[in-house]
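>>> kindly return the folded structure for what I paste below:
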Amino acid sequence: MTYHMSQPQVMRDLTSATKVANTRLLKGCLAQWPTYRDCKCVSFCTHTYQFLVSRYVDPRTRRDRTDLQTNHWDMQMNELVHAYLDYRSRDSGDGIPTVSNENDSPSLNTAPALSNIELVDTFFRHRASFNVLPCHKYPNETLIYNGYLGCSPLFPNIAISLRTLAAYRQAHRTCPRFTIQAQCKMLCHLHDMPYRPYLRSQFSAAYDAFLEIVYRVDVLLKQALKHDTPNWRLLNACPACTYKLVDESPLQFAWFATIDGNNSLKRWASSSPNSLPRDDSRRPRSDYWIGRDAVDKFKDEVRSRTALDKNDKVDDWEDVHDDQEVPGEAVFHCTARWRNAGPEQRKKMFSVFDESGIFIAACRHRFVLVACDMIRSGELAKYPLAIMDHLMAVYGQNGSCAYDIGCAFSKTLSTSSLGPRADALALRMMVGAFHGHAHNRKCQLDWHPMYISGTGHTEGEGCEHIFSSSNELARSTRHASPFHRHQSIEEHFNFWDADKYAALSNFLFNHYREAIHVIQTLQAELSVIKRELDLDDADFVKFYNEEKLYLDRLKEPPIRDRLCIRYVEVLDDLDSCRDEWNTARSAANNALTTVGVGDFAEIRAALTTARIRVDAAYAKLQNAEALVAHMEIQLRIEERWVIGGPEYIQFKEEATLGKYRTALNELERLVVMRLFELSKLSLSGTGYKLRQQIGKALQRRSEAIRNAINRYNTQAAALNPPRPKLSWKDIAEYSFLGEFDLLRHSRTDIRELDWTKPAHREATTKYFKLLRAREEVSRLNVEVRRLRTFVHDEEMETNKVITDLQLSYPLLASELQRQWRSRSATNMFHIFRLNQIENLPSYSGMRGIGVHSRIGGDSDVHDIITSEYADADIIRQEEHAEDMENMASYLDSVVD
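Numbering: from 1, shown residues only. Just a heads-up that it's a prediction; the model follows:
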C-alpha cells in the first residue's frame, strides 16, 4: 500500500531541510521521492524536487559563517590544547607521534570511529580511518592524537598533518613572501593534483586553528613562568635594555626607542567596488597592538596648530605640494623635506584602503615594542603620541626617542596633553642618524645623536631595519581580512624578536669591537690634529657653540627688505624695457633704408614689422612703469632710486644673493633625492622593475645635479666676495648635506672664522664621534652584564618551573622542556660571545653575574645570592668549564 503525504506535510519537510541546509536531511527527503511522487499534488512535488536538486544558496554572510566556525573551534579548544600537548610529548622528532597499540584495539573503544578521512602531508596523501579513544569528545581530538588537524571543527573530512602546518609556519616566518596559496600549490604539485582555490580556504582554516592552539599553549607556559603580568613582554623583551641590575653604573638615558611609520602593509578596503566584506569577530592575540580607541584619544591634539580641511573624504596622497611656495623666497626648513612633518590636512590616503600602514616603536637593539594601525591616513600626530604615551607609562623617566622628524614632533609633544608628563620624565627626542643628515645644519646641532650626550652609537634607525623585512608581507596582507593581516604581522614580529634575541650577543660583540676601534683611531688622529693646529678639547666645544649661536641668530630678511629687493628687480626690468623701446623706435626710423625704391609690398611689410615691435615694446614699458609706481607706493618712496645709487647697490647685492640661494636650494633638493634613491636601490625588497626605474632616475639626476652645480657656481661667482665653488666630489660625500646651510644664509664672508675652516670642522666632528664612542663602551659594559645575568636567572627560573610542572602538569612540563632546549642552545652561544667580549684587551666592564633589581629589594635573597657568588674567579672558572661542556654536547648533537 502506498502512503500518500499531504501537501502541508511535504512543505514542512522541505522547509526544514532548506532552513538547516543539512546534507543528511536533504538526502532523506530525496530518498522519500517515490512516496512524494505518488501523492495527489504531483505538480507541487515536482516543483519542490527541482528546487531541492538545484544548487543551494546560503543566505548567511561570510562573517556569519566565520563566527559560527570560530565558535565551534572555541568550544573544544581546551580539549584540543590538551590533545596537542599529549601529541608533543609522544613526538619523537619527525612530527609523527608514537601511538599505543592498546589504544587502537577496537575491543577497548566504544566511541564511533573516524572513517575515510583524507590525510594530507608534505610527503603523502591518502585516506585512513582512526579509532576514537573513550576520553575524546571531538573528532579533532582523535586527529591531533594521531598527528593531524581537521579543516572543519565538527565534521572533518580532510585533515592536514601537524608537522606540515608547523613547517609552513616556520617557512612563512623566515620568508614572508611564502603564502598559503604557494604552500597549497606546492602540495598539489607534490601529490600530482591540480590546484583549486578551495584548497587554500581549507588549509587556512586548519592553520588558523593550529595557531590558536599554539597561542593557548604559550598562554599556559607564560602562566606557569609568571610571565603573564601586565606589560611583561615590554619589560623583558630586550634584556640588554630593560634587565637592570642593582650595582650597575648609572646611564644618562635609561631607555632608548625609535618610532616611525610605514605604508607598505596597507589593506584593501572591504567597502571598495567588487569586493566583499572580510571582517569577523576575531581580534589580535598579542599585546603588540595599541587599540584604535587609545590612538583616537589624541586625534585632536594638533587641531589648534593647523586648520584641518573640511572635506575629509577627498582622495588625496600624502605628498600634496603647496602651490603658494615660491622657490628661493623663504628659508628651506628641514620639515619641508618630510611628508609626515606637513600639515595634518595633507596626510590623506586613498579611501580604497582601510588600514594605510603601521606605526611601530623599537628599542635600540631592534626589538619590536608596540605597534598601531594607521587608519585611512598618513602619519598623523595621533599615532606617535599614542606610542609615546604607552612607552612613557611603561618605561618611565630618563628616556630617549628617535624619530625622523623628531625636531618637529618635539613641539607637537610639548604642546599636547603629554607635554607636562614628558617634561617631568625628562624625555629627550632626537632624529635618526641616517635621516638626520638630510635635516638642516641647525637642526642637526640640536637633534642629531652625534651631538647629544649619552647616546653612544645609537643610530635611531631600528624601525627602518624592521620595515625592510616586514615589507615582504605586503603581498599577502593587501587583500587579507583584518584578523589575518594582524595574525601575519604578529607572527612576523614574534619571529623577528626571537631572531634579534639570538643575535643579541653578536650585536654587543660587534658594537664593542667597533667602538674600541673608533676610540683608538680617533684618539691617534686627534692627537696629531691638536698638535698641528694648536687646539685642545675646549676649542672643539667652543667651535660647536659658535656655530650654533651663528645659526640661531640667522633670520629671514624683514618684509620691507624683501620688497626693496623686488623693487630693485623691477627697476632693472624698467630700464631693460626702456632700452628695448628705444631700440624699437630707432629700428622703425631706419626701417625703409634697406628697402628698394618702388617695392610697395616690401615697404608695407617693413612698416608693419616696425609698428608691431614698437607697440609691443611700448606696452612692456607701460607695464613696467605701472609696476614700479605700485612698488613705490607700497614702499612710500617719494623720489625714484637711481640705478647705481647707494640704496640700489645695497639691495642689488641682496637680489643677487637671493638668486644664489635659489640655485643652492635646487642643488640641495637634487642631492637629497639622489641620497634616498640610492638607499631605496639597496633595499632587498625592491623589485627588478623598480630598480630599473630608480637606476634611470639616478642617471637623469646625476646630469641634473651637474647642471645645478654649474648654475650654482655661476651665481656664487657673482657675489661679492665670491662664494666657494663646488664640484661633484664635494656633494657626493654623505656628510656634505649639513654644509648647505652655511652656504645658504651667509650675507657676510665667514670663511675667516675658526669654526668655519674645513680642518677645524672636521676635527670637531671627530671629537664628538670620540665622545659618543666612549659613551657606547660605557653602555655596552652595562648591557653585557645584564645579558649574562638574564641568561643565568632565566635558566634557574625555567628549571625550577619544569620541576614543579612535572608533578602538577607533566604534559606542559614536557612542552616547556622541549622549548627550553632551543632557548638553551641560544643562551650557550650568548655565554660564548660574552666570554669573548670580556676577554678583549680593552674590556673595562664588571665581570660575573649581577643581581636583578627586582630581586635586589629582598634583603634575604640578596644576601644569599651575594654569599653564593662571593668569589668571582671561582664562578668564572666554573662557568667556563660548564660552557665548554655544554658547547661540546651541542656540537655532538649537531653532528649526530
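>>> number of residues surrounding S469?
Around S469 there are 17 other residues, counting by other CB atoms under 10 Å. Where you see a C-beta, it was placed from the backbone N, CA and C, and this is true even at glycine.
>>> separation between it and F543?
Distance of S469 to F543, computed by CB to CB, to the nearest Å: 40 Å.
>>> likewise V782?
31 Å.
>>> what does N707 give?
According to CB to CB, N707 and F543 sit 34 Å apart.
>>> the two - which one has more neighbours?
It is F543, of N707 and F543, that has more neighbours when counted by other CB under 10 Å, with 21 against 13.
>>> residues touching that one, list them.
F543 is in contact with 754-755, 760-761, 764, counting by CB atoms under 8 Å, 6 or more residues apart in numbering.
>>> 7 Å instead, please
Contacts were defined as CB atoms under 7 Å, 6 or more residues apart in numbering; by that measure F543 touches 754-755, 760, 764.
>>> can you get me a residue count around the closest residue in space to T412 that isn't next to it in sequence?
Residue nearest to T412 in three dimensions, not counting chain neighbours: A381, with 5.2 Å by CB to CB, 6 or more residues apart in numbering. Per other CB under 10 Å, the neighbour tally for A381 reads 24.
>>> give me the pLDDT for A381.
Turning to A381, the model gives it a pLDDT of 90.
>>> wait, I290 touches P384, no?
No. Using CB atoms under 7 Å, I290 makes no contact with P384, being 11.2 Å away.
>>> who's more crowded, these two?
P384 (26 against 19).
>>> measure that one to S470 for me?
In terms of CB to CB, P384 sits 18 Å off from S470.
>>> now do the longest helix along the chain, average pLDDT.
As assigned by DSSP state H, the longest helix anywhere in the chain is helix 758-808. Averaged over helix 758-808, pLDDT sits at 94.
>>> that one: how far from the chain's middle?
Centre-to-centre, helix 758-808 and its host chain are 24 Å apart (CA atoms, centre = their mean, to the nearest Å).
>>> starting from it, tell me the next helix or strand along the chain.
helix 810-838 (DSSP states H and E).
>>> centre of the chain to that next one, how far?
With CA atoms, centre = their mean, you get 30 Å for helix 810-838.
>>> so what does that helix touch, helix or strand wise?
Here helix 810-838 touches helix 77-90, helix 197-225, helix 504-533, helix 758-808, helix 872-895, going by 3 or more CB pairs under 7 Å, 6 or more residues apart in numbering; DSSP states H and E.
>>> dump these to TSV, plus mean neighbour count and distance to R285.
Formatted as TSV, the helices and strands packed on helix 810-838 follow (neighbours: other CB atoms under 10 Å; distance: least, CB to CB, whole Å):
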stretch	mean neighbour count	distance to R285
helix 77-90	19	13
helix 197-225	18	5
helix 504-533	16	25
helix 758-808	18	23
helix 872-895	12	32
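>>> D446 is nearest to which of these?
Shortest distance between D446 and the helices and strands packed on helix 810-838, using CB to CB, is found for helix 758-808: 13.4 Å.
>>> M429 belongs to a strand?
Yes. According to DSSP: H, G, I helix; E, B strand; the rest coil, M429 belongs to a strand.
>>> how many neighbouring residues does it have?
Using other CB under 10 Å, M429 has 26 other residues around it.
>>> check contacts around it.
401, 403, 406, 409-410, 413.
>>> with V120 instead?
With contact taken as CB under 7 Å, 6+ apart, V120 is in contact with 158, 160-161, 187.
>>> scan those and report the most crowded one.
Counting by other CB under 10 Å, I160 has the largest number of neighbours within the contacts of V120, with 26 neighbours.
>>> what about it, which SS state?
Here I160 is recorded as strand under three-state DSSP.
>>> could you list the low-pLDDT ranges of the stretch 1-150 of the chain?
Counting by pLDDT under 70, the stretch 1-150 of the chain shows low-confidence ranges at 1-56, 100-112.
>>> where along it do the strands fall?
Using DSSP state E, counting those that start in this stretch, the strands of the stretch 1-150 of the chain run over residues 114-120, 125-130, 148-150.
>>> how about the second one: buried residues?
Within strand 125-130, the residues that qualify as buried are 125, 130, counting by 16 or more other CB atoms under 10 Å.
>>> ok and that strand relative to strand 114-120, angle-wise?
Between the axes of strand 125-130 and strand 114-120, defined by axes from the mean of the first three to the mean of the last three CA atoms, to 10 degrees, the angle is 150 degrees.
>>> sheet-wise, list the partners of strand 125-130 with their directions.
Strands adjacent to strand 125-130 in the sheet, as given by DSSP bridges, are strand 114-120 (antiparallel).
>>> okay, the angle between the partner strand and helix 197-225?
Going by the same axes, to 10 degrees, strand 114-120 makes 100 degrees with helix 197-225.
>>> need the CA coordinates for strand 114-120. CSV is fine.
Extracted C-alpha coordinates of strand 114-120, given in CSV (Å, rounded to 0.1, in the frame of the first residue of the first chain):
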residue,chain,number,x,y,z
LEU,A,114,36.6,8.3,12.2
SER,A,115,36.4,6.6,8.8
ASN,A,116,37.6,7.5,5.4
ILE,A,117,39.5,10.7,6.4
GLU,A,118,41.7,12.2,3.7
LEU,A,119,45.1,12.9,5.2
VAL,A,120,47.4,15.5,3.7
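>>> relative to helix 758-808, how tilted is the strand or helix carrying G261?
Taking DSSP H and E as the criterion, G261 maps to strand 255-262. With the same axes, to 10 degrees applied, the angle from strand 255-262 to helix 758-808 works out at 100 degrees.
>>> now the element after strand 255-262, going C-ward?
Of the helices and strands lying after strand 255-262 in sequence (DSSP H and E), the nearest is strand 267-268.
>>> so what does the longest strand that the chain contains touch, helix or strand wise?
The single longest strand within the chain, with elements called by DSSP state E, is strand 353-363. Contacts defined by 3+ CB pairs under 7 Å, 6+ apart place strand 353-363 against strand 255-262, strand 267-268, strand 368-375, helix 382-395, helix 462-470.
>>> what about the following helix or strand past the second one, average pLDDT?
Of the helices and strands lying after strand 267-268 in sequence (DSSP H and E), the nearest is helix 292-296. Per-residue confidence for helix 292-296 averages out to 92 on the pLDDT scale.
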